[in-house]
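> Quick one: sequence plus predicted model below, questions after.
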Amino acid sequence: MAMVASTSFTYHKPRLAPAVVCRKNRDGRDREREKEKEHKHPFKVVEITPPPRCLGVRCFPTNIHCGESVTIEGQAYTVSAVTHRYQLRKGRYEPSEKRLDVLSTGRYILNLYLQNLLDKSG
């Protein structure tokens with residue numbers, strides 16, 4: 001009896017991270033987006049209440065700032081910090097990450113109240 005051995009090799013292409021593209025809705029379903037003239041950029045959103053929880057990558061205007069209210073998946077959050085990170089490549093600094101640190105709106109107000117009490121007592 002003759003035995004036949006077969007070997008097969010498969011080559012998998014390395015997958016790149018999916019790119020997030022923020023663009024306006026052109027078919028008229030969302031009129032608020034059409035009215036906005038600001039460009040939107042992707043931000044990595046992290047809820048910083050312990051333990052920190054990543055809420056994904058979302059598109060926001062470039063001029064978003066601390067204290068601004070945002071709604072993500074039906075939940076209201078307040079922006080606690082905006083971070084722009086840069087990396088040195090080929091002698092130039094290039095943007096590498098944009099990040100929003102958010103707190104639930106109730107937690108943000110509670111932190112402001114407690115900070116105010118601490119300032120008055122000291």
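Cool, the structure landed. Numbering: from 1, shown residues only.
> contacts, neighbours, all on C-alpha from now
Will do.
> Remind me what the host helix or strand of residue 56 packs against, helices and strands.
Residue 56 belongs to strand 53-61 when assigned by DSSP states H and E. Judged by 3 or more CA pairs under 8 Å, 6 or more residues apart in numbering; DSSP states H and E, strand 53-61 is in contact with strand 40-47.
> Please list the outside residues in contact with the lengthiest helix in the chain.
Looking across the chain with DSSP state H, the single longest helix is helix 105-121. With contact meaning CA atoms under 8 Å, 6 or more residues apart in numbering, helix 105-121 is reached by 69, 76-78, 80.
> any low-confidence regions in the protein?
Scanning the chain for pLDDT under 70 picks out 1-38.
> Select the longest strand from it.
strand 75-89 (DSSP state E).
> List the neighbouring strands of that strand plus their orientation.
strand 69-72 (antiparallel), strand 92-104 (antiparallel) (DSSP bridges).
> Just the CA coordinates for the last one, please, in CSV.
Same thing as strand 92-104. C-alpha atoms of strand 92-104 as CSV (Å, rounded to 0.1, in the frame of the first residue of the first chain):
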residue,chain,number,x,y,z
ARG,A,92,8.5,66.0,12.6
TYR,A,93,5.8,65.8,15.1
GLU,A,94,2.7,64.1,13.7
PRO,A,95,-0.7,63.6,15.4
SER,A,96,-1.0,60.1,16.7
GLU,A,97,-4.1,60.0,18.9
LYS,A,98,-7.0,62.2,20.0
ARG,A,99,-8.7,61.1,23.2
LEU,A,100,-11.7,62.3,25.2
ASP,A,101,-11.9,61.5,28.9
VAL,A,102,-15.6,61.6,29.9
LEU,A,103,-17.6,61.1,33.1
SER,A,104,-21.3,60.5,33.4
